[in-house]
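> Sequence plus the predicted model coming up.
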Amino acid sequence: GAGVSQSPRYKVAKRGQDVALRCDPISGHVSLFWYQQALGQGPEFLTYFQNEAQLDKSGLPSDRFFAERPEGSVSTLKIQRTQQEDSAVYLCASSLARGFDTGELFFGEGSRLTVL
Amino acid sequence: GENVEQHPSTLSVQEGDSAVIKCTYSDSASNYFPWYKQELGKRPQLIIDIRSNVGEKKDQRIAVTLNKTAKHFSLHITETQPEDSAVYFCAASMNTGFQKLVFGTGTRLLVSP
């Protein structure tokens, strides 16, 4: 595809349900990031993958959040036992840059999660 | 860790006027400063970036300036147009083995015809 693709675009979950959010990065992009964007706020870092390796998960809010990228391409962010405070837009971004390089992050449209 | 503050939170200008958005960062080790534009319900998109070895960068109507001593950087948009209306985010990155961006809280720019 031409850009980063995320699904579902919208997800409504009842409190306590598990959800899985998918990210399809741009082909060939080594780096993949997940960000959480609350209403009216800037994106906040959740986790980073370089290929299949999760190098930083320091931004994950709790142990209910889990991310994986098993084959170094598609990534899934899973949230267990959702709580109302998990309501936000979850943005995935990919980049050609790796290591100490800097470069553009290409964002997906996001998955808007609403927990009732 | 890094902290980025952004001002103003909202900015209204008339078409043709200039707009300036300012950010400060806390960690002197930060070395990369991108600006992203996010239209309502859309993905953030990079509009310009600057690295710490440069003081100013221009791209048509958009410019960014960096003052490393004061830990300030600013976005300047000249000859604003209604299509410039969006939320703008500054960010700073301290590379700790990968590019970890810390974003500001955003500035909602409204350009009135």
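All right, it came through fine. Numbers count the residues shown, from 1 in each chain, chains lettered A, B, ... in the order given.
> The helix or strand where B:L66 lies pairs with which strands, and in what direction?
B:L66 is located in strand B:62-67, with elements delineated by DSSP states H and E. If you go by DSSP bridges, strand B:62-67 pairs up with strand B:56-59 (antiparallel), strand B:72-77 (antiparallel).
> So what touches it?
B:33, B:35, B:47-50, B:52, B:54-57, B:72-78 (CB atoms under 8 Å, 6 or more residues apart in numbering or on different chains). Every C-beta, even on glycine, is put in place using the N, C-alpha and C of the backbone.
> about what we covered before: tell me the most buried of the strands paired with strand B:62-67?
strand B:72-77 (a mean of 20; mean count of other CB atoms under 10 Å in any protein chain shown).
> okay, the angle between the helix or strand that it is followed by and strand B:72-77?
Next along the chain after strand B:72-77, taking DSSP H and E as the criterion, comes strand B:86-93. In terms of direction (axes from the mean of the first three to the mean of the last three CA atoms, to 10 degrees), strand B:86-93 departs from strand B:72-77 by 150 degrees.
> could you point out which element follows strand B:86-93?
Heading C-terminal from strand B:86-93, the first helix or strand you meet, by DSSP H and E, is strand B:101-103.
> Check the offset of the very next helix or strand once past that following strand from the chain's centre.
Next helix or strand after strand B:101-103 toward the C-terminus (DSSP H and E): strand B:107-112. Here strand B:107-112 shows a centroid-to-chain-centroid distance of 14 Å under the convention CA atoms, centre = their mean, to the nearest Å.
> The residue in chain B that chain A sits nearest to: what's it in contact with?
Chain A sits closest to B:F103 of chain B, with a gap of 3.4 Å, by CB to the nearest CB. Going by CB under 8 Å, 6+ apart, B:F103 touches A:G42, A:P43, A:E44, B:V4, B:Y36, B:F89, B:C90, B:A91.
> Likewise for B:T78?
B:S18, B:R61, B:A63.
> Just give the closest residue to the residue most central in space within chain A, not the sequence neighbours.
In chain A, the centroid-proximal residue (CA atoms, centre = their mean) is A:W34; its distance is 3.1 Å. Of all residues not flanking A:W34 in the chain, A:L46 sits nearest, at 4.2 Å (CB to CB, 6 or more residues apart in numbering or on different chains).
> Check the secondary structure at the one you found for me.
Following DSSP: H, G, I helix; E, B strand; the rest coil, the label given to A:L46 is strand.
> ok, it - how many residues close by?
Number of residues near A:L46 (other CB atoms under 10 Å in any protein chain shown) recorded here: 21.
> would TSV of the strands paired with strand B:62-67 with mean pLDDT be doable?
Formatted as TSV, the strands paired with strand B:62-67 follow (pLDDT from 0 to 100):
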stretch	mean pLDDT
strand B:56-59	95
strand B:72-77	98
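> Check what pLDDT residue 22 gets.
In the absence of a named chain, this looks at chain A. The score at A:R22 is 98. That number is its pLDDT.
> Chain B, not that one
B:K22 is given a pLDDT of 98.
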